[in-house]
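> Provide a 3D model corresponding to the input given below.
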Amino acid sequence: MFKSVFAASAALFASAGAALAGPYVNVETNAGWTGSNYNGAATDLHVGYEGALGDSASYYVQGGATVVSPDGGESDTVPSGKAGLGFAVTDALGAYGEVSFVGSGDEDLDRGYGGKVGLKYNF
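Residues are numbered from 1 along each chain as shown. Have a look, this model is predicted:
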């Protein structure tokens, strides 16, 4: 079980053109359920950097550790990171994309990778 939702950071960069620049700290917890069954949570403890790319685009890159806490299991701290881009398509429409990875504490398990793309329309 390891699914992570990065909507907050994606929404931040979907509206490109904002005055973004510099280092930041991001702490984010994502929890999962199947029906009413709690599966566990993953908490990112990241340091990052964000900035503008011209007048209508932005980027960010962040990394650190994720504390994976499965329901009923032992927690594990693993390396993780993500990076994203956002840009203005029109004055009202923005596009964004993000790639991410999460390591595993077990050398026999594969590292997890993720990606997303989206559009945000402002009324």
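
> can you list the weak-confidence ranges in the protein?
Judged against pLDDT under 70, the low-scoring parts of the chain cover residues 1-20, 105-106.

> mind redoing it with 90?
Under the criterion of pLDDT under 90, the regions of the chain flagged as low confidence span 1-21, 104-111.

> ok, the helix or strand hosting residue 85: who's next to it in the sheet?
With elements delineated by DSSP states H and E, residue 85 resides in strand 76-88, which encompasses its position. The strands beside strand 76-88 in its sheet (DSSP bridges) come out as strand 57-70 (antiparallel), strand 93-102 (antiparallel).

> would you turn those strands into a markdown table with distance to residue 117 and mean neighbour count?
Glycine gets a C-beta too; all of them are placed from N, C-alpha and C. Written out in a markdown table, the entries for those read as follows (distance: least, Cβ to Cβ, whole Å; neighbours: other Cβ atoms under 10 Å):
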| stretch | distance to residue 117 | mean neighbour count |
| --- | --- | --- |
| strand 57-70 | 15 | 19 |
| strand 93-102 | 5 | 18 |
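
> tabulate those (a markdown table), appending distance to residue 80.
Rendered in a markdown table, the data for these read as follows (distance: least, Cβ to Cβ, whole Å):
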| stretch | distance to residue 80 |
| --- | --- |
| strand 57-70 | 4 |
| strand 93-102 | 4 |
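
> nearest to residue 26, of the ones you listed?
Put simply, out of the strands paired with strand 76-88 the one that sits nearest residue 26 is strand 57-70, at 5.8 Å, with distance taken as Cβ to Cβ.

> which strands or helices does the strand of greatest length in the chain pack on?
When secondary structure is assigned using DSSP state E, the longest strand within the chain turns out to be strand 37-52. For strand 37-52, the helices and strands in contact under the criterion 3 or more Cβ pairs under 8 Å, 6 or more residues apart in numbering; DSSP states H and E are strand 22-34, strand 57-70, strand 76-88.

> for those strands, give me TSV that also has distance to residue 98.
As requested, those are exported to TSV (distance: least, Cβ to Cβ, whole Å):
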stretch	distance to residue 98
strand 22-34	13
strand 57-70	9
strand 76-88	4
